[in-house]
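A.B. asks: next input, structure requested:
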Amino acid sequence: MSLENVVKSLNKNMKIGNISLGVEEKEITKIPFSSCRLNYMTYGGLPVGRIAEFYGSDGSGKTTTAIDLAGNAQKLYPDKKVLIVDIEHTFDRIWATKLGLDCDSILYFDPDSMGAEEVFNMMMELFETGEISVGILDSIGAMVSTQSNEKNIGERTYGGISMSLTEFSKKVTPVLARTDAILIGINQVRDDMNSMYGGTTTTGGKAWRHACTTRLEFRKGNYIDEQGKNLSRACENPAGNIVNVAMTKSKICRADRKVGFYTLRYLDGIDYISDAIDVGIKLGLLNQAGAWFYLVDLESGEILKDEKFQGKYNLIKYYQNNKEAYDKLIQGINKLQS
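C.D. replies: As a prediction, the model looks like this:
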């Protein structure tokens, strides 16, 4: 039998997908972050139809960043739902609302005594409907297997959730690709007991890390005051902190922008204007000379010496009160950062 006939026979019997001659160029659709710096680092955000992992120590900004992206997904896909699986039982509705998430329209689930396998099966059913835009699993490190659930504390179990997580990642990957959904797995870092040099690792095993298209590592940076100036670690009543992010893996964009950060304010959420200013300077849309900041004509690239601001805080205030100027800056960033 010829190759052509074999291909026709196989395609006829396939339930999903088919064998084709050549591959069509497919545009990668992404859901953006609210932080311009993270969008700059990831070339536009997270790709749909893939798995992403946000990992880091506690309080480093993993969940905050995931919720921020989910809020943007709601705006882009109003007919789809955001799924939040709150294993840690720490979801804060007030904080999520500040980050832009419509909490009245999400699918929220906080499993009480369910094992990891039951949670994974439930998530598979929901993703297969095709009506989920973003699913957040918070967190992988807090999950226990059904086997562990049925044992008393102190009784040993082997493998943890690695085997079930491996199986889940293999099954959910084609479903995400078919339905254009994103699964964000929040994970914790732990001491690597198998390394003679110390260091840290994450829960879930190598197969889970391999299944992730994007992996972002989060670290808590310096505390800041109201004007964005750095404070000491021993300070009292900081206004926020810097969230440092490193892209440790990406299969869909160049890895030449591995490191980014954004400013998180405890009363307002992500300071997206501060981030836009930082990216604008990097792309030549703004000019900084010492403590002075100058606007740049976006058409000619000429530095406008008369449009100057002493200190970043004053430039932030300018953009807060001048929406038209801020929108022009964002348009310029979106045009150049891709």
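A.B. asks: point out where the stretch 201-338 of the chain drops to low pLDDT.
C.D. replies: Applying pLDDT under 70 to the stretch 201-338 of the chain flags residues 338.
A.B. asks: quick one, helices of it?
C.D. replies: In the stretch 201-338 of the chain, the segments counted as helices under DSSP state H, counting those that start in this stretch are 205-211, 272-282, 312-321, 323-337.
A.B. asks: quick one, which of those helices is packed in tightest?
C.D. replies: Of all the helices of the stretch 201-338 of the chain, helix 272-282 has the most neighbours on average by mean count of other CB atoms under 10 Å, namely a mean of 21. (Glycine included, C-beta is placed from N, CA and C.)
A.B. asks: and that one with helix 323-337, angle?
C.D. replies: Relative orientation of helix 272-282 versus helix 323-337 (axes from the mean of the first three to the mean of the last three CA atoms, to 10 degrees): 50 degrees.
A.B. asks: outside of helix 272-282, which residues touch it?
C.D. replies: 34-38, 40, 228, 262-263, 286-288, 293, 312, 315-316, 319-320, 326, 329-330, 332-333, 337 (CB atoms under 8 Å, 6 or more residues apart in numbering).
A.B. asks: from the chain's centre, how far out does it sit?
C.D. replies: Its chain's average C-alpha position is 19 Å from that of helix 272-282, according to CA atoms, centre = their mean, to the nearest Å.
A.B. asks: about what we covered before: just send the helices of the stretch 201-338 of the chain back as TSV, with distance to Ser250 too.
C.D. replies: Shown next, in TSV, are the helices of the stretch 201-338 of the chain (distance: least, CB to CB, whole Å):
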stretch	distance to Ser250
helix 205-211	13
helix 272-282	18
helix 312-321	29
helix 323-337	15
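A.B. asks: quick one, which of those helices is nearest to Arg178?
C.D. replies: If you check each of those against Arg178 by CB to CB, helix 205-211 wins as the nearest, at 15.7 Å.
A.B. asks: report the distance from the closest one to the chain centre.
C.D. replies: The answer for helix 205-211 is 17 Å, by CA atoms, centre = their mean.
A.B. asks: C-alpha coordinates for it, PDB please?
C.D. replies: This file holds the C-alpha atoms of helix 205-211, laid out as PDB (Å, rounded to 0.1, in the frame of the first residue of the first chain):
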ATOM      1  CA  GLY A 205       8.700  16.100  39.100                       C
ATOM      2  CA  LYS A 206      10.500  16.500  35.700                       C
ATOM      3  CA  ALA A 207       7.600  15.400  33.500                       C
ATOM      4  CA  TRP A 208       5.500  18.300  34.800                       C
ATOM      5  CA  ARG A 209       8.300  20.800  34.200                       C
ATOM      6  CA  HIS A 210       8.700  19.400  30.700                       C
ATOM      7  CA  ALA A 211       5.000  19.900  30.000                       C
END
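A.B. asks: so which elements touch it?
C.D. replies: Applying 3 or more CB pairs under 8 Å, 6 or more residues apart in numbering; DSSP states H and E, one finds that helix 205-211 makes contact with strand 51-56, helix 162-179.
A.B. asks: one more pass at 10 Å, please.
C.D. replies: Contacts defined by 3 or more CB pairs under 10 Å, 6 or more residues apart in numbering; DSSP states H and E place helix 205-211 against strand 51-56, helix 162-179, strand 182-191, strand 200-202, strand 240-250.
A.B. asks: can you give me the angle the last one makes with helix 272-282?
C.D. replies: Right, strand 240-250. Between strand 240-250 and helix 272-282, the angle comes out at 60 degrees (the same axes, to 10 degrees).
A.B. asks: how about strand 240-250: buried residues?
C.D. replies: 240-245, 247, 250 (16 or more other CB atoms under 10 Å).
A.B. asks: again, but for the shortest one
C.D. replies: When burial is assessed from 16+ other CB under 10 Å, strand 200-202 yields the following buried residues: 201-202.
A.B. asks: what does that strand rub up against?
C.D. replies: By CB atoms under 10 Å, 6 or more residues apart in numbering, the residues outside strand 200-202 that reach it are 53, 55-57, 140-141, 185, 187-195, 208-209, 215, 217.
A.B. asks: among those, the buried ones, what's the PyMOL command?
C.D. replies: Applying 16+ other CB under 10 Å to these, the buried members can be selected in PyMOL as follows:
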select buried, resi 53+55+56+140+141+185+187+188+189+208+209+215+217
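A.B. asks: spatially nearest residue to Phe91 (excluding sequence neighbours)?
C.D. replies: Computed as CB to CB, 6 or more residues apart in numbering, the closest residue to Phe91 that is not its neighbour in sequence is Ile84, at 6.3 Å.
A.B. asks: wait, a strand at that neighbour?
C.D. replies: Yes. With DSSP: H, G, I helix; E, B strand; the rest coil as the criterion, Ile84 is located in a strand.
A.B. asks: beta-bridge partners for it, please?
C.D. replies: Judged by DSSP bridges, the bridge partners of Ile84 are Tyr108, Ile136.
A.B. asks: what about it, neighbour count?
C.D. replies: Close neighbours of Ile84, defined as other CB atoms under 10 Å, add up to 24.
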